[in-house]
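>>> Sequence isn't available, so here's the structure alone:
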């Protein structure tokens, strides 16, 4: 069986074809343009490669309510042409194969839980910290959708007293996580691209505090077995160590679970499948139909 | 079949005996003292009434990991005598019946989901706002435990700029929800018992903001179908209306789900089974063994 996997991202589409055992047979990527162009290219690729089923991990927000008439549609995105685009239906009908969909971050969480950093765990949160901040959640072994799906990046947090930009840059929320701690927020605060910051820049003290507040709030609301931090901002390897220390400080001894307090380095972890966690998750979603 | 139900609270124990259809056959309550006294009284009650199984919803923290040697034990509580007390095991052995346990707030969430304010929903959060703040979570139809269990009251939030007590009163955390918005926090801020505040006290503007920040963060991390607000502080019926308005304001139009934006009064709701949500949940837990 040939399983198509699509990780639909805001800037690029990653496409793969895998066998049942997860061996990659084909892999390519395309820039994300308006759907009339990009979706035709995706269809052409999977048609040419010949697939038996398709799994999709997509940017959101996306309608994941299987009983909804707009199931599998992208919903309120600002991306030109994508608002209300019926992604699942279009691909399913054009390719004539069974297809299933979840968010890109849920796909990554599923993959890390099944065969990555949270192997063997019944619960985990996968957070990507990059151009935006998004989180996928697996609890009791299944991805969480709920009424829509989690939007971890938009939780409200406490601005650091030394932050010169305490409101953040989110157009919707004063001091939400994404507005304070995404790559662009780092860049805006520093007055230069976040990539150009040196590792000793004091801005990372703020960043660690914000990501640690997130880890505390995820612990308090979801009680996951692991918190997995991926995305471009986390590629600086000192940052996760700062986040762990700051998380323990903010927890203040309230949580006495040894898996957190004695082994923070196996509680807050980097992804093992990066940068293909989402694509592997899309394969698992396609396989599991 | 006679099903025993125990809601083990920090100040009182509520005990009931129900039949399979949920008809209450017996009901009583006891003050919560040290376990050597209180637990003997609980055993005597259920022995006398004769029960076939027992469900427990307890104050926490409690070990809910079924594979743990301390499964069903109360863990790090400051309550005298209760730390590390094997609640489930003691009752199960003394009564010689099958018994199951969850947190009091998970029990309440289960009950409200099955037959109360969230009837028909696959997910809901039940939050009690009283002496403390605690939350129970049902997702995909099951209560959430995760690594331990959620501790919603200790999420970190943003102090209101007009709060004269922005640190809150939690001994563990600066500006956590419970430290800023529990009954005792209201009282400390006002310099009198929270019960004595008049409904037009400006302190409720802060309270609504804090509970709305909680609703935003629960929406962003759990995406529940309903948020149910119970507990003593919520008995003032204007407060939930303020919380709904403030939640929509803080969401800032980012979430476009009509079930939230167009019908906030059916998204953030009062419990229907109050004040026996937890006891009914304990019955359901006992019944479901």
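Okay, I see it. As the structure is a computational prediction, the values presented were derived from the model and not from experiment.
>>> now the helices: where do they sit in chain A?
A:35-49, A:87-95, A:104-115, A:177-181, A:183-190, A:203-222, A:237-251, A:258-261, A:277-287 (DSSP state H).
>>> Which of the ones you listed has the lowest mean pLDDT?
Of all the helices of chain A, mean pLDDT reaches its minimum on helix A:258-261 (a mean of 93).
>>> Isn't residue A:209 up against residue A:160?
Yes - in this structure residue A:209 lies within contact range of residue A:160 using Cβ atoms under 8 Å: 5.2 Å. Bear in mind the C-beta positions are built from the backbone N, C-alpha and C, glycine included.
>>> Compare these two (neighbour count), which wins?
More crowded of residue A:209 and residue A:160, by other Cβ atoms under 10 Å in any protein chain shown: residue A:209, with 25 against 18.
>>> Please determine how far that one is located from chain B.
10 Å (Cβ to the nearest Cβ, to the nearest Å).
>>> Let me know how buried residue A:71 is, in neighbour terms.
15.
>>> thought it was touching residue A:88?
Yes - if you go by Cβ under 8 Å, residue A:71 and residue A:88 touch, sitting 6.9 Å apart.
>>> Please convert the helices of chain A to CSV, extending it with distance to residue B:52.
Listed next are the helices of chain A as CSV, based on distance: least, Cβ to Cβ, whole Å:
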stretch, distance to residue B:52
helix A:35-49, 57
helix A:87-95, 48
helix A:104-115, 38
helix A:177-181, 49
helix A:183-190, 58
helix A:203-222, 35
helix A:237-251, 41
helix A:258-261, 36
helix A:277-287, 43
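>>> show me the contacts for the residue nearest the centre of chain A.
By Cα atoms, centre = their mean, chain A has its centre lying nearest to residue A:105, at 2.9 Å. Counting by Cβ atoms under 8 Å, 6 or more residues apart in numbering or on different chains, residue A:105 touches A:57, A:126, A:127, A:128, A:134, A:135, A:136, A:152, A:278.
>>> Which residue comes closest to it once chain neighbours are left out?
Leaving aside its chain neighbours, residue A:105 sits nearest to residue A:136 (3.3 Å; criterion: Cβ to Cβ, 6 or more residues apart in numbering or on different chains).
>>> Wait, that neighbour touches residue A:150, no?
Yes - Residue A:136 is within contact range of residue A:150, at 7.4 Å (criterion: Cβ under 8 Å).
>>> and whichever residue of the stretch 151-289 of chain A sits closest to chain B, how far is that from residue A:281?
Closest contact between the stretch 151-289 of chain A and chain B, by Cβ to the nearest Cβ, is at residue A:223 (3.0 Å). Separation of residue A:223 from residue A:281 (Cβ to Cβ, to the nearest Å): 22 Å.
>>> of these two, who's got more company?
The neighbour count for residue A:223 versus residue A:281, taken as other Cβ under 10 Å, is higher for residue A:281 (34 against 23).
>>> List the single closest residue to that one in space, sequence neighbours excluded.
residue A:107 (2.9 Å).
>>> quick one: that neighbour and residue A:138 touch, right?
No - the criterion here is Cβ under 8 Å, and residue A:107 misses it with residue A:138 at 10.5 Å.
>>> Name the residue in those two with the higher neighbour count.
Comparing residue A:107 with residue A:138 by other Cβ under 10 Å, the one with more neighbours is residue A:107, at 31 against 27.
>>> ok, that one - contacts?
A:7, A:55, A:57, A:136, A:277, A:278, A:279, A:280, A:281, A:282, A:284, A:285.
>>> can you rerun that using 6 Å?
Contact analysis of residue A:107 by Cβ atoms under 6 Å, 6 or more residues apart in numbering or on different chains lists A:57, A:278, A:281, A:282.
>>> ok, now residue A:238?
residue A:199.
>>> Could you do residue A:166 as well?
Per Cβ under 6 Å, 6+ apart, neighbours of residue A:166: residue A:159.
>>> Same question for residue A:157.
Residue A:157 touches A:177, A:213, counting by Cβ under 6 Å, 6+ apart.
>>> Now the residue of the stretch 51-200 of chain A found nearest chain B: closest residue in space that isn't a chain neighbour?
With Cβ to the nearest Cβ, the shortest gap between the stretch 51-200 of chain A and chain B falls at residue A:146, namely 3.1 Å. Sequence neighbours aside, residue B:223 is the residue nearest to residue A:146 in space, at 3.1 Å (criterion: Cβ to Cβ, 6+ apart).
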